[in-house]
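In: Got a sequence here, can you build the structure:
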Amino acid sequence: MRIALYQPDIPQNTGAILRLGACFGVGVDIIEPCGFVWDDRRLRRAGMDYLELASVRRYQSWDVFLSDKEVGRLVLLTTRGRVAPHSFAFCHNDVLLFGRESAGVPDSVHDAADERLRIPMTAGARSLNVALSAAIVTAEALRQTELFPPEVIWS
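Out: Take a look at the predicted model:
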């Protein structure tokens, strides 16, 4: 399972998602161009010392990402989705795709997705922060597929 970020434009969110991936053992794909310089100090501040633990692949474009994508479904999180993550059956090799904070994904990317999910929210709420969305959906996908890292018991 992997998380893919389509042209992320907020370095703090990207850093938080890299930290999420590092903590859960889930690789993160960055589909460029990013809306910030990759070594932005805000990326480092949000990712903290977890960035060195993160498994990151960077792709120059959507086309390069698609041509290199391994076997597995492309599962897009979108406000236009009709299925909730808890009602969806995740697979161990799914790629969880999240769009730009400012604009989501273009129709061509939306159409290329194998599945489109939407996190249910109360009436009047438009969307969640992309890092929060990634955490919610990744945790549900890992729970369903039993891919959470082994629990560490602290004494």
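In: what's around residue 42, how many residues?
Out: Using other CB atoms under 10 Å, residue 42 has 15 neighbouring residues. (Each C-beta comes from the backbone N, C-alpha and C, glycine too.)
In: Next one, pLDDT for the closest residue to it other than its chain neighbours please.
Out: Nearest residue to residue 42, sequence neighbours excluded (CB to CB, 6 or more residues apart in numbering): residue 11, at 4.2 Å. If you check residue 11, the pLDDT there is 90.
In: just the strands in the protein please.
Out: All strands of the chain, identified by DSSP state E, fall at 2-6, 27-31, 56-59, 74-77, 95-98, 115-117.
In: winner for burial among those?
Out: Of the strands of the chain, the one with the most neighbours on average (mean count of other CB atoms under 10 Å) is strand 95-98, at a mean of 25.
In: before we move on, back to that, which stretch among the strands of the chain approaches residue 86 most closely?
Out: strand 115-117 (9.7 Å; CB to CB).
In: Check the gap between residue 71 and residue 42 for me.
Out: Residue 71 sits at a distance of 34 Å from residue 42 (criterion: CB to CB, to the nearest Å).
In: so residue 60 touches residue 34, yeah?
Out: No: in this structure, residue 60 is not within contact of residue 34 by CB atoms under 8 Å, at 11.0 Å.
In: one step back: columns mean pLDDT and distance to residue 136 on top of the strands of the chain, output as JSON lines?
Out: Listed next are the strands of the chain as JSON lines, based on pLDDT from 0 to 100; distance: least, CB to CB, whole Å:
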{"stretch": "strand 2-6", "mean pLDDT": "98", "distance to residue 136": "12"}
{"stretch": "strand 27-31", "mean pLDDT": "96", "distance to residue 136": "16"}
{"stretch": "strand 56-59", "mean pLDDT": "94", "distance to residue 136": "21"}
{"stretch": "strand 74-77", "mean pLDDT": "98", "distance to residue 136": "9"}
{"stretch": "strand 95-98", "mean pLDDT": "98", "distance to residue 136": "10"}
{"stretch": "strand 115-117", "mean pLDDT": "98", "distance to residue 136": "10"}
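In: Cool, thanks, signing off.
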